[in-house]
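> How does the following fold in three dimensions:
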Amino acid sequence: MLFRSVEHDTNTENWRAINLANWNSRVGFHEAGYGLDAFRSDPRHLSDVVRFDLPRLPRLEGLNGVHLQCHIGTDTLSLARLGARMSGLDFSEPALDVARRLAADCGATIDYRAADLYDAPAAFEGAAFDFVFTGIGALCWLPDIAGWARTVAAMLRPGGFLFIREAHPVTWSMTDPRPDGLLVMEYPYFEHSGLAFIEPSTYVEHEGELAAPVQVVFNHGLAEIFNALWSAGLHIELFEEHRSLPWNPLGDAMADIGGGEWALRTGTDRLPLSYTLRAVRQ
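Below is the predicted model of the structure:
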């Protein structure tokens, strides 16, 4: 399910501290539930997220890449296995501890650094990368999409590219299906000041509840994302909407279609659930 319940009394101005506590509390569950042993046992294994976009990724051999909001590093490691020299950034030190252990177990050299997204250029001392990667479920944790786009541009060399797969803003605006099965857009589509939700569990199967279940999330419409990238000096060269995404946001309305992807059980053409975007810094 997308969210469990709305928390009306939370001060969303404290979004960073709330979300950091929430993500720190997820790490143990994700370390157990992300299938990390598959990476350790098979040097060719890739995350479902990266495998989905292999037809859209350019050749990465020899390129310097940075994965923003990298969490425990499964996508970061997957990009390294495609030949890139990878770095990763996240604001959760416990998540980066897992990412570093996984990279070491797999014999990969990945430079992980802890910082807020908007502080990423300073965290890497102004280094310019060949590409920036952002994985699924990342932008909803950021309040300012224009600031995100400026951060991406600051980290790219001229001619470098951004590659992102993300849940569609339509997905983030949906509420849980009604008892009659009707799908409803209840939450803002356009950028807003943040909504707080209580979600006692995370998106992998686990027993027990999160120690910090409150989260503050933000949405950003497609035009807002596009305009932010254009204003930051990036040219969008690929944009593709998808009928699936790699988790179940809508309960019984969704079906597992394999490859780590979920789609609407009926009427898959009704809604865009995710998208892939590639943009080049001019």
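
> Name the SS class of residue 149, please.
helix (DSSP: H, G, I helix; E, B strand; the rest coil).

> Let me know the distance separating it from residue 201.
32 Å (Cβ to Cβ, to the nearest Å). All C-beta atoms are positioned from the backbone trio N, CA, C, and that covers glycine.

> what about those two, which has more around it?
Each of residue 149 and residue 201 has its neighbours counted (other Cβ atoms under 10 Å); residue 149 has more, 23 against 16.

> can I assume that one is in contact with residue 226?
No - Residue 149 lies out of contact with residue 226 (Cβ atoms under 8 Å); the separation is 9.5 Å.

> all helices for the protein, in order.
With DSSP state H as the criterion, the chain has helices at 15-33, 36-41, 48-52, 74-81, 93-105, 120-123, 145-155, 169-172, 222-231.

> Burial check on the nearest residue to residue 234 once chain neighbours are set aside, number of neighbours?
In space, and not counting its chain neighbours, residue 234 is closest to residue 279: 4.1 Å by Cβ to Cβ, 6 or more residues apart in numbering. For residue 279, the neighbour count with other Cβ under 10 Å is 27.

> For residue 99, which non-adjacent residue is closest in space?
Closest residue to residue 99 apart from its sequence neighbours, by Cβ to Cβ, 6+ apart: residue 73 at 3.0 Å.

> let me redo that: residue 253
residue 177 (4.7 Å).

> could you measure that neighbour against residue 47, distance?
Taking Cβ to Cβ, one finds residue 177 at 28 Å from residue 47.

> circling back to that earlier point, surely the residue nearest to residue 253 meets residue 248?
No - under the contact definition of Cβ under 8 Å, residue 177 does not touch residue 248, with a separation of 11.5 Å.

> quick check, distance from stretch 209-229 to the centre of its chain.
Computed by Cα atoms, centre = their mean, to the nearest Å, the chain-centroid distance of stretch 209-229 equals 10 Å.

> Please apply the same query to stretch 122-135.
Relative to its parent chain, stretch 122-135 has a centroid offset of 16 Å by Cα atoms, centre = their mean.

> cool, and stretch 203-210?
19 Å.

> so how far is residue 262 from the residue lying closest to residue 242 once chain neighbours are set aside?
In space, and not counting its chain neighbours, residue 242 is closest to residue 274: 4.6 Å by Cβ to Cβ, 6+ apart. For residue 274, the distance to residue 262 (Cβ to Cβ) stands at 10 Å.
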